[in-house]
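Q: coordinates only, no sequence provided:
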């Protein structure tokens, strides 16, 4: 496979039940754990819990994130674990539905007793989880999630990627540099909408550009027809899409079909692999996406080589190597590092303080740093642009 070419996601995911997917993940992890048991003195099994979109609009990303975590845990387990501990990933499906995220999380915690959570998706999903008080009640940290994150520090939330402020800053600075001054903003009309608008206005002001049109779409949907009409009338030179992959793909498709010619820039949540699966090369040409991890296709990167080597060792995966898989791989590395720093006695309650003591952790050319009051672990953002040949250019 030529990894410089956008790899299509696996054929539209077959309908896999929550239980089937979870058992497949756990079965693989338990097999690895059994293989190394004799070499791990006083060993324990650490459960990492994920509740995410294994089905639904964002299933490709949720499954890829899970695969990235599993690849890292398998690598660590085969090497003998960490301080006598091996890792199991327990994944549950919320279908991307915020109303299910909290209930499924409660069941996961009760049934699997995870040390830490990871790999959650969606603005509304994260907001619902925080408002529920589950993390505080259970004293359990969520390490690594995909959302349009504007939080600098929230108790028990730790993100291993740059925040949305950094992404929008990068996009507006780039547009100002190439002389584009009149922008549009597409955003989800959810609980974080006001924050997204404020962050975008702030970034535009710093870059000396103007957002002349703003258009929302209903949360949890890909209904973007009204937004297309707004931008057709306003004629911005470029449009920033702060959205997940499904609504971003629908917008690109409908906007291009309507004759729209603005340059299109997406936040990292849009997932370039999902866009390339749905859209043709002509529709994707020139689309730029903010990426918050190193490219998994640039094998000269130490981190990308680790990921691809792990994928090769694993054999056939349910999903191909992708940016979402890379993010899951990094999140798992951070979790393993936190366990390593706790030494032999690993407790759920100590994870937050351990994470905040990490400082600058080098995950393979990608640095993650937490401290009290700062739970956004990275400032790394670069732009990927899709060429007419369907290739990703950084």
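A: Looks like it came in fine. Note that the structure is a prediction, hence the values are computed from the model and not measured. Numbering: from 1, shown residues only.

Q: where does the chain dip in pLDDT?
A: Within the chain, the ranges that satisfy pLDDT under 70 run 1-43, 149, 151-152, 388-392, 394.

Q: care to break it down by domain?
A: 18-161+297-370, 164-291 (automatic domain parsing).

Q: just put those in CSV and tack on mean neighbour count.
A: Quick note: C-beta positions are derived from backbone N, CA and C, even for glycine. Listed next are those as CSV, based on neighbours: other C-beta atoms under 10 Å:
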stretch, mean neighbour count
domain 18-161+297-370, 20
domain 164-291, 20
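
Q: out of those domains, which gets nearest to residue 393?
A: Closest of those to residue 393 is domain 164-291, at 9.3 Å (criterion: C-beta to C-beta).

Q: can you map out the helices along the stretch 251-394 of the chain?
A: Here the stretch 251-394 of the chain has its helices, by DSSP state H, counting those that start in this stretch, at 272-278, 281-284, 302-314, 323-341, 351-356.

Q: among those, which comes closest to residue 164?
A: Across the helices of the stretch 251-394 of the chain, closest to residue 164 is helix 323-341 (C-beta to C-beta), at 14.8 Å.

Q: what angle sits between that closest one and helix 302-314?
A: Per axes from the mean of the first three to the mean of the last three C-alpha atoms, to 10 degrees, the angle that helix 323-341 makes with helix 302-314 is 100 degrees.

Q: could you say what helices and strands helix 323-341 packs with?
A: Counting by 3 or more C-beta pairs under 8 Å, 6 or more residues apart in numbering; DSSP states H and E, the packing neighbours recorded for helix 323-341 are strand 44-52, helix 59-78, strand 85-93, strand 142-143, helix 272-278, helix 302-314, helix 351-356.

Q: burial of the residue lying closest to residue 162 once chain neighbours are set aside, as a residue count?
A: Leaving out its chain neighbours, the residue that sits closest to residue 162 by C-beta to C-beta, 6 or more residues apart in numbering is residue 292, at 4.6 Å. Residue 292 has 27 neighbours, counted by other C-beta atoms under 10 Å.

Q: tell me how far residue 292 lies from residue 90.
A: 25 Å (C-beta to C-beta, to the nearest Å).

Q: also residue 173?
A: 41 Å.

Q: with residue 303 instead?
A: 25 Å.

Q: check residue 104 too.
A: From residue 104 to residue 90 the distance is 11 Å (C-beta to C-beta).

Q: residue 174 now?
A: If you measure residue 174 against residue 90 using C-beta to C-beta, the figure is 40 Å.

Q: residues in contact with stretch 353-367?
A: For stretch 353-367, the surrounding residues in contact (C-beta atoms under 8 Å, 6 or more residues apart in numbering) are 141, 143, 158, 293-294, 301-303, 306, 330, 333-334, 337-338, 341-342, 368-372, 378, 380.

Q: that stretch: how far from the chain's middle?
A: 18 Å (C-alpha atoms, centre = their mean, to the nearest Å).

Q: who's in contact with residue 131?
A: Per C-beta under 8 Å, 6+ apart, neighbours of residue 131: none.

Q: quick check: angle from the helix or strand encompassing it to strand 44-52?
A: Taking DSSP states H and E as the criterion, residue 131 maps to helix 123-132. Relative orientation of helix 123-132 and strand 44-52, computed by the same axes, to 10 degrees: 120 degrees.

Q: who wins for proximity to residue 233 among the helices and strands packed on helix 323-341?
A: That would be, of the helices and strands packed on helix 323-341 and by C-beta to C-beta, helix 272-278, which comes in at 24.9 Å.

Q: how far is that closest one from where the chain is centred?
A: That offset, for helix 272-278, works out to 15 Å (C-alpha atoms, centre = their mean).
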